[in-house]
Structures are given as structure tokens and as C-alpha cells.
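Peer 1: Sequence first, predicted model second:
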Amino acid sequence: MTKAILQRIAEGDKTAVQDCLDTYGGLVWSLARRMLPNTDEAEDAVQETFIDIWKNAERFDEKQASETTFVAMIARRRLIDRVRKYQRQVNTDSLEDILIEPSGNYHQSMQIGVEAKQAAKELDNLRPEQRQVLQLSIYKGLSHQEISNLTGMPIGTVKTHARRGLLQIRENLGLKEVLAQ
Amino acid sequence: MSSNSKERMLDLLTDQILFGLGEEESAELKKLENLFPELKNDNSLELTASAIGLTNLDEIEPMPASLRVKILADADKYFATAKSAKVLRFEPQLREVKTENIGEEIQKTFEFEPKRPFMQWLGWAFAGLACIALGFSVWTNLQNPKVVDRVVEVPPKVLPVSEQYNQLLTSAIDLQKTAWVNPKNDKEVIGEVVWSETEQKGFMKFTGLAANNASKEQYQLWIFDETQDEKTPIDGGVFDVSANGEVLIPIKPTLKFKNPKLFAITAEKPGGVMVSKREKLVAIGKVQA
């Protein structure tokens, strides 16, 4: 059976680095370009992300999630830090001008991993308010206060929608049952 | 009590993943982690959020070659450090020296070892045999190459922007073309924006848009969609114009849109803005109904 790229990296197989970049370089770069405001920020974040990937490779458990989702999780940690820093510089008075009802840009034919395809379907099955809160948080990196300002929902409601939506999708993706480590 | 604490911990974990935690909440989470260590190691919520994050991608853009080179250099450094750290951790096997024999040990350390010509010869003989065996193995493999069973995903070949543009022109069944005009008419900006809703792809073509200094300002595209309030256009991303000739730029909106009625270009601070004051409107393209 073919070994996962991350497993090979964890074992110190340097040839796996090339394979990792071939397979996930575009994905991490695209996530960074999507979330960060400029190319320099994106390049720095992608460099940091790949170092994090080498460091965390041994934590990957193929029974829990696909390699793509695991790599996306490592990337998200780096990207969300930068997004939050960037957004703290934005004048919050102008938040009402941010787009109110974003929707996913996912393309069904894209190779984004098993869970992501399923997540796209599950996102559509959520209540509109839950979907909206999750998208504003995950796609745009907005805080609950910012989402509250933007949508007019009380902060408590924003949190409740976020939590219920996320738990529902986790449940339906089957990620809960295999979490024990 | 336990159930409430667990609920609270789930709340905090969700908040941490989606919104980030303040200092107080982080401290509270740390305390709760001691009560529920199984949740501490649970990254299923984070994986779920990451899977949702992936649904916001509409295309996989290839990583720039220069960035790949930097990452490979990082990998060299990382693996060299990791390897040496491993060597330091596992390889030194300190020999236990009994203090009563310390003099003898020192004596052994400095003892002159006589040459052993026969053993040396034997060593070289083995090395020679090993070389012959290696050469034979290489020759055999060249004659009968093995099929490598490892499958490496090859990223799809990415076409240059001009070819992507031509491909869209020929393949899209719902291509919209909108001409650019300069709102102030003080300088002529010629060109068009083309967009396919079904493919969620498009390009901006310009002639006459002044080259910008990217460290001072960048151009930013805004998409006014039929379904959106005019105050809340979609951010179409920032771009630079390095020459005054014809420029072709792919459109990378941050959100999906359906029926664009107007495209606008503004000049903004580097990196772009989330909300434009629209002080420097350099071009607009109104979609004909």
C-alpha cells in the first residue's frame, strides 16, 4: 500500500517534500491568496505553513481525515492569524459595508478532498443563518462582534449559530467518531 | 456540573477555532482541558472548519516557482536541523566508566594501536566486492527497469494567462463582455472585462491604465452584483500594472457572484481595502442589460 506523503515526511524521507509541494503547493498557495490581501503576505504565510507541515507530519492520522484536509488545517492556523491581524487594522465603523450574504465558491469538479466536498453539501443543508455565520467566520475571518455588527444578530446568537452549524457538519462528516487519539 | 463544564469547553473550542479567544477565555479553556483531556486532543472541529474553508476555493492556482525554491531551501535547513537534533538525541551512547578503573580507561584511550595490514587488506577486499555488487545491481536495473508502484499526484498543467483567456473565450457558453470607460474621461482606458458565470472565471483587459507603484498603491477590482446592495460590492482582488501596454489580468473575486451589473477599478493602498472610499475611481464597466 502506498504510504501517505506526510507519513514519509515524518519518517524523514526528503523526497516526500517534492511530492508534498507537487500535491499541496497549489492548494496552500490558493488558500493564502484567497484569504490574504497581497502576494507578499501570502508568500510568507505559505513558507511558514510548509515548515509547520513538516513539523506536524507525524500527527497526521489517515483514519481521521484525508491528507488534504489535514494540510488545510495546518494552513488555516497560519492564515487565520494573519487575517485577524490584518482585520484589526480595519475601521470597524465600515463593517456594515462588507458583503452580507457570501456564498461558497466551491467547484464540484475540483480536487479539494473528500471532506471538503461533503462539507460543501452539508453547508447547503444548514439553516441560512448558520451558514451565513460560518461563512463570514471561516471565509472572511470575521470576529463574532463583527458578524454581530454586520448581521444585526446578538453576539450570543452568532455564537450559537456558529457552534450548532459546525457541530452539525462535523457530525455529518463522520469526524467525531474517529477523533480519539 | 460535569456536563455543563463539557458544554462550556465545547463552546470555547468552537470560539477558539472560529473567532479566537481572549486571555481570560484561554485561561478558562486551559483549566477545562485538565478535566477533559480527551477533548484537548480533539482536532475534529478544526478539521471541520478547514474542510469548510476549502469549499471557498474555486480553483487551485499553481504556486510561484520562486516560492517553491524558497520552500525547498527551508526544507533543506529543516531536515538538516531535525536530523542533527535526532542524532544528538539518540546516537551518543555514553560508556559507563567505573571510577576505580579510570586510570586504565585513560591508558586505553591513549594507547597506540598497532597497524594490522591483514585486517586492512580484508576491509579493502570487502569494499571492492561491494562496489562490484552495486555495479551489477545498477546494470541489472537498467536492463530490466522496475515499475514503481508509488503514485504521485501530478498537478494539472497550468496555462499562461493569455492562453487561459483564449480558452475561456472559446469554451464559455455564457461569456459576458463589458467595455471599460474612464469615469472622468481625463485619460483613455480602453479594454473590456469578460466573465463567465458558469465557469466563475473572467479576465480584465486594459490599455491605457497607468503603471502603479505597488509599494504606494494598488488597483482593486469591485464587482457590483445584482443581488447585492450597491454599498457592498464584492472585492475582486488587487492587481498591479507594470507597463502602459496591454494588460490581461485574471479576476479572483473573494466571493461567488451571479449577475454582475457593474465592474469598477479603484486605486487603493497596497494590499487593497475591505471598503473603498471610491476616491480614486479609475475605470468602470457597465454590463449592458
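Peer 2: Good, I have the coordinates.
Peer 1: isn't A:Asp19 right up against A:Lys3?
Peer 2: No - contact criterion Cβ atoms under 8 Å: A:Asp19 and A:Lys3 do not qualify, at 10.3 Å. Every C-beta, even on glycine, is put in place using the N, C-alpha and C of the backbone.
Peer 1: Specify the local secondary structure of B:Lys261.
Peer 2: Classification of B:Lys261 by DSSP: H, G, I helix; E, B strand; the rest coil places it in strand.
Peer 1: What number of residues are in the vicinity of it?
Peer 2: Neighbour count of B:Lys261, defined by other Cβ atoms under 10 Å in any protein chain shown: 16.
Peer 1: per-residue confidence for it?
Peer 2: The per-residue pLDDT reported for B:Lys261 equals 84.
Peer 1: List the contacts of it.
Peer 2: If you count contacts by Cβ atoms under 8 Å, 6 or more residues apart in numbering or on different chains, B:Lys261 has them with B:Phe224, B:Asp225, B:Glu226, B:Lys286, B:Val287.
Peer 1: just those now: which is nearest chain A?
Peer 2: Closest to chain A out of the contacts of B:Lys261 is B:Asp225 (9.0 Å), distances taken as Cβ to the nearest Cβ.
Peer 1: ok, that closest one touching B:Gly236?
Peer 2: No - under the criterion of Cβ under 8 Å, B:Asp225 makes no contact with B:Gly236, lying 10.7 Å away.
Peer 1: who has more neighbours, these two?
Peer 2: B:Gly236 (25 against 20).
Peer 1: Same question for the more buried one, what's its three-state structure.
Peer 2: Taking three-state DSSP, the label given to B:Gly236 is strand.
Peer 1: Likewise for A:Gln47?
Peer 2: Secondary structure for A:Gln47, judged by three-state DSSP, is helix.
Peer 1: How about the contacts made by it?
Peer 2: By Cβ under 8 Å, 6+ apart, A:Gln47 lies in contact with B:Leu67, B:Lys70, B:Ile71, B:Asp74.
Peer 1: ok, B:Glu25 - how many residues close by?
Peer 2: Using other Cβ under 10 Å, B:Glu25 has 15 other residues around it.
Peer 1: Please identify the helix or strand for the closest residue in space to it that isn't next to it in sequence.
Peer 2: Once flanking residues are discounted, B:Glu25 sits nearest to B:Leu12: 5.9 Å by Cβ to Cβ, 6 or more residues apart in numbering or on different chains. Using DSSP states H and E, B:Leu12 maps to helix B:2-18.
Peer 1: Would you confirm that A:Val46 contacts B:Leu67?
Peer 2: Yes - A:Val46 is within contact range of B:Leu67, at 6.2 Å (criterion: Cβ under 8 Å).
Peer 1: Compare those two (neighbour count), which wins?
Peer 2: Remark: of A:Val46 and B:Leu67, A:Val46 carries more neighbours, 26 against 21, as counted by other Cβ under 10 Å.
Peer 1: contacting residues around the more buried one?
Peer 2: A:Val46 sits next to A:Val28, A:Trp29, A:Ala32, A:Ala75, B:Met63, B:Leu67, B:Ile71 when contact means Cβ under 8 Å, 6+ apart.
Peer 1: who's in contact with the last one?
Peer 2: What that stands for is B:Ile71. Contacts for B:Ile71 (Cβ under 8 Å, 6+ apart) come out as A:Leu21, A:Gly25, A:Val46, A:Gln47, A:Phe50.
Peer 1: Redo the residues you listed as TSV? Include distance to A:Val158.
Peer 2: Formatted as TSV, the contacts of B:Ile71 follow (distance: Cβ to Cβ, whole Å):
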residue	distance to A:Val158
A:Leu21	38
A:Gly25	35
A:Val46	30
A:Gln47	34
A:Phe50	33
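Peer 1: Specify which member of these is nearest to chain B.
Peer 2: Of those, the one sitting nearest to chain B (Cβ to the nearest Cβ) turns out to be A:Gly25, at 4.0 Å.
Peer 1: Right, I'll leave it there.
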